[in-house]
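K.L.:
missing the sequence, but the structure's below:
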DNA sequence: TCTTCCCATGAGAGCGTTCTCACGCCACGA
DNA sequence: TCGTGGCGTGAGAACGCTCTCATGGGAAGA
């Protein structure tokens, strides 16, 4: 009666079942008519046991006779039965779905984070439900209503600007939330972050080692915490080497390619000397490189450039960009793992889990070649 | 008894309800004890009507007294009630979730497609459940089981290589599927595609208009349909202008930056003349540009370069890349809209919906400057 | 005034699971 | 011989909705 195509749980009849609901013959389909889709009851009947027993086999709970279990398992395989996610969700009160809220999907490093999160979530048999903040207020409403509808068990979030308070409320009200923190916000709930400050430091150290004493800094958006952390780390490291950053050489950018160009242009217009650039992301670093070259100066010799993020683009600038790698994929993974761990019983850590940045040296940086002013190529801080 | 924090549907008690299940006092919670989460029954009780009536108000079905409806609506607002997605799903037999299966999330244009799909899906009040093929066989198993569990109502898919047959099976068995076709596969089910052939043609026409008579072609992966379509369109257009492509100038690439460099290198090594390059994607176009420049030739004057895709990187190559724009976001939107339409009653179209590519002219192409051989700068096909 | 019909509403089955209890059976010890 | 206890199993409530079918009351028609 029931054959071949069952394992997928979709049959043509099933598909139309609720849309073009046929008049039902009665409360129960006539004895012996084919089931619309295999349920636990079908398995139970065929195996000659109760639904309870089948459920026990499925979930490995309770003690049951080995032979019974084996028989049930066989029937399950035969029929290709898979429990309905909807029904399990309702009965258990959980969906085995985690939500993920992101500001936009088109940011250059977003794919990495997403991939990291998806990998972990999937490998635990969970699903990843995606939400974006692309349509502003309306997006937020949609999202809020999905939260209320309890469509998912936990939330991974890269904060859309200005929604932190709302997310904090969700957390306070019991929704497990893990923030993937790209802006150094340090929220009142579990999060995964990276070492922005140490990243700035490593950029500075690298440039100092190359003998670069007058760096131009093209920052990120001023209101983001990460901008300050990156700048502070950079500035302090230079200060430790006895070099105070020239305030005129700190240019506020906005993470765009264009702002990198503008930063360089500005310095050039003001006739400010600089032998290096630290840009707060790769896009603006790329813009900076182009502007420098168009001004007839060489990268990396005249001006060495360091970026931040290490997006794929960084490999393809001319010359390939030395940059501070942010472990975006790992952050996605870590956040997802935290949430999975929580579902498994491990409490969520209060403190942010911080993953280290690493400096990736490519060809946009090089030692300063015996400049006319300073007789020694080796920078001061390396004398020991 | 019920206050403040309810609208979100999450309370601390609710959260632990099933995990650390407390011994229940009995089959029903004691009379008057606070509900764990507001249900339709709570609303019904408070409004002095039956669950049925509340349901009718929610879904706008059936005829009901205006005042009753108003009263119910008010109670719903007061309590901040939102129907449980799980329960609705079970009762209706649908989840209001669409699945989306993609090979990888880190491809440069994937974010665009995803964003397009998410936007449409969200605006219809659906959710998007994301699956990737990143972990090969295992991914596919996970995915298959979610399909069987009927976790979603329909599927948007960018085909992970080699899974077309499987997807076709799903479709045949009644799962609504729309393919976002990035490789010109022309499957046996609804899909959204783009004009690869016309894209190749427009690239050729543009180069011909610029007087470029010896183009080097760096193709995509040979086994992809899109590679052939792009090449055929390009070749045929040149043929129409009376120029047969030199077979030695057709280099098989693999869509990587590196393969673009290799293509140019190869032609250079073979001492083959060329005054233009048509690369089958932007990444390889970028690599090609760099190789050309490193060989001491100028882009666009000595060699004009046209790419394909129009990913963000194309704006930032040096010089900015002229390329054939693929409407990835629109494709995502169109596919999602098809599926939404189907849920609304419109049947899925049999034929692929084809969205046009457009040529985006930037600075990597320029008219050929009075070359020594040909006295006329204007290409032949423009004489009319 | 008595039907007839429709409109607004309610009771409750059903969706496909999980989980709580209860029960029957058998071995074992007294 | 009769408890006693544990193991394997089953009945059926609960999860929170939707939807079918039944019903009561009033307006309209005879």
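P.N.:
Nice, I can see it. Computed from a predicted structure; not experimentally measured.

K.L.:
only C-alpha atoms from now on, for both contacts and neighbour counts.
P.N.:
OK.

K.L.:
next up, identify which helix or strand residue A:305 is on.
P.N.:
According to DSSP states H and E, residue A:305 maps onto strand A:304-309.

K.L.:
one more: residue A:255?
P.N.:
Using DSSP H and E, residue A:255 sits within no helix or strand.

K.L.:
how far away from the center of its chain is the strand holding residue A:305?
P.N.:
Centroid separation between strand A:304-309 and its chain, computed with CA atoms, centre = their mean, to the nearest Å, is 21 Å.

K.L.:
so which bits of that strand are buried?
P.N.:
Applying a neighbour-count criterion of 16 or more other CA atoms under 10 Å in any protein chain shown, one finds A:304, A:305, A:306, A:307, A:308, A:309 buried in strand A:304-309.

K.L.:
do the same with stretch A:272-280
P.N.:
Neighbour-count burial for stretch A:272-280 [16+ other CA under 10 Å]: A:274, A:275, A:276, A:277, A:278, A:279, A:280.

K.L.:
OK, contacts around residue A:207?
P.N.:
Residue A:207 sits next to A:213, A:276, A:304, A:365 when contact means CA atoms under 8 Å, 6 or more residues apart in numbering or on different chains.

K.L.:
apologies, that question was intended for residue A:142.
P.N.:
Listed by CA under 8 Å, 6+ apart, the contact set of residue A:142 reads B:122, B:123, B:125.

K.L.:
let's have these in CSV, adding secondary structure, pLDDT and neighbour count.
P.N.:
Output for these, formatted as CSV (DSSP: H, G, I helix; E, B strand; the rest coil; pLDDT from 0 to 100; neighbours: other CA atoms under 10 Å in any protein chain shown):
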residue, secondary structure, pLDDT, neighbour count
B:122, helix, 95, 21
B:123, helix, 93, 13
B:125, coil, 94, 15
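
K.L.:
near chain B, which residues of the stretch 201-350 of chain A are found?
P.N.:
Within the stretch 201-350 of chain A, the positions near chain B by CA under 8 Å from any CA of the partner chain are A:257, A:286, A:287, A:290, A:313, A:316, A:317, A:318.

K.L.:
which among these end up buried?
P.N.:
Buried among those (16+ other CA under 10 Å): A:257, A:286, A:287, A:290, A:313, A:316, A:317, A:318.

K.L.:
in the helix or strand harbouring the second one, which residues are buried?
P.N.:
Under the criterion DSSP H and E, the helix or strand holding residue A:286 is helix A:282-294. By neighbour count on 16+ other CA under 10 Å, the buried set for helix A:282-294 is A:282, A:283, A:284, A:285, A:286, A:287, A:288, A:289, A:290, A:291, A:292.

K.L.:
ok, back up a step: neighbouring contacts of the strand holding residue A:305?
P.N.:
Against strand A:304-309 from outside (CA under 8 Å, 6+ apart): A:109, A:199, A:203, A:207, A:212, A:275-285, A:289, A:299, A:321-326, A:364-366.

K.L.:
that one to helix A:282-294, inter-axis angle?
P.N.:
Computed by axes from the mean of the first three to the mean of the last three CA atoms, to 10 degrees, the angle separating strand A:304-309 from helix A:282-294 equals 160 degrees.

K.L.:
what strands line up against the following helix or strand past strand A:304-309, and which way round?
P.N.:
Going down the chain from strand A:304-309, the next helix or strand is strand A:322-325, by DSSP H and E. Looking at strand A:322-325 with DSSP bridges, its partner strands are strand A:304-309 (parallel), strand A:358-360 (antiparallel).

K.L.:
dump the ones you listed to a markdown table, plus distance to DNA strand D and mean pLDDT.
P.N.:
Converted to a markdown table, the strands paired with strand A:322-325 look like this (distance: least, CA to the nearest atom of the strand, whole Å; pLDDT from 0 to 100):
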| stretch | distance to DNA strand D | mean pLDDT |
| --- | --- | --- |
| strand A:304-309 | 44 | 98 |
| strand A:358-360 | 47 | 98 |
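
K.L.:
circling back to that earlier point, ok, the residues of the stretch 201-350 of chain A next to chain B vs DNA strand C, which is closest?
P.N.:
Nearest to DNA strand C among those is residue A:313, at 46.5 Å by CA to the nearest atom of the strand.

K.L.:
which residues touch the residue in the stretch 151-300 of chain A that DNA strand C sits nearest to?
P.N.:
Closest to DNA strand C within the stretch 151-300 of chain A is residue A:153: 14.9 Å, counting by CA to the nearest atom of the strand. Listed by CA under 8 Å, 6+ apart, the contact set of residue A:153 reads A:94, A:95, A:96, A:97, A:98, A:99, A:175, A:176.

K.L.:
residue contacts, the last one?
P.N.:
Right, the one you point to is residue A:176. Taking CA under 8 Å, 6+ apart, we find residue A:176 in contact with A:153, A:154, A:155, A:339.

K.L.:
could I get the full set of strands for chain A?
P.N.:
A:97-102, A:127-132, A:154-157, A:177-180, A:191-194, A:215-219, A:250-252, A:276-279, A:304-309, A:322-325, A:353-355, A:358-360 (DSSP state E).

K.L.:
any chance of these in TSV, with distance to residue B:169 too?
P.N.:
Listed next are these as TSV, based on distance: least, CA to CA, whole Å:
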stretch	distance to residue B:169
strand A:97-102	25
strand A:127-132	22
strand A:154-157	33
strand A:177-180	37
strand A:191-194	41
strand A:215-219	52
strand A:250-252	55
strand A:276-279	50
strand A:304-309	42
strand A:322-325	42
strand A:353-355	43
strand A:358-360	46
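
K.L.:
just those strands: most buried one?
P.N.:
A comparison of the strands of chain A by mean neighbour count, using mean count of other CA atoms under 10 Å in any protein chain shown, puts strand A:276-279 on top with a mean of 31.

K.L.:
what strands line up against it, and which way round?
P.N.:
Sheet pairing for strand A:276-279, assigned by DSSP bridges, gives strand A:215-219 (parallel), strand A:304-309 (parallel).
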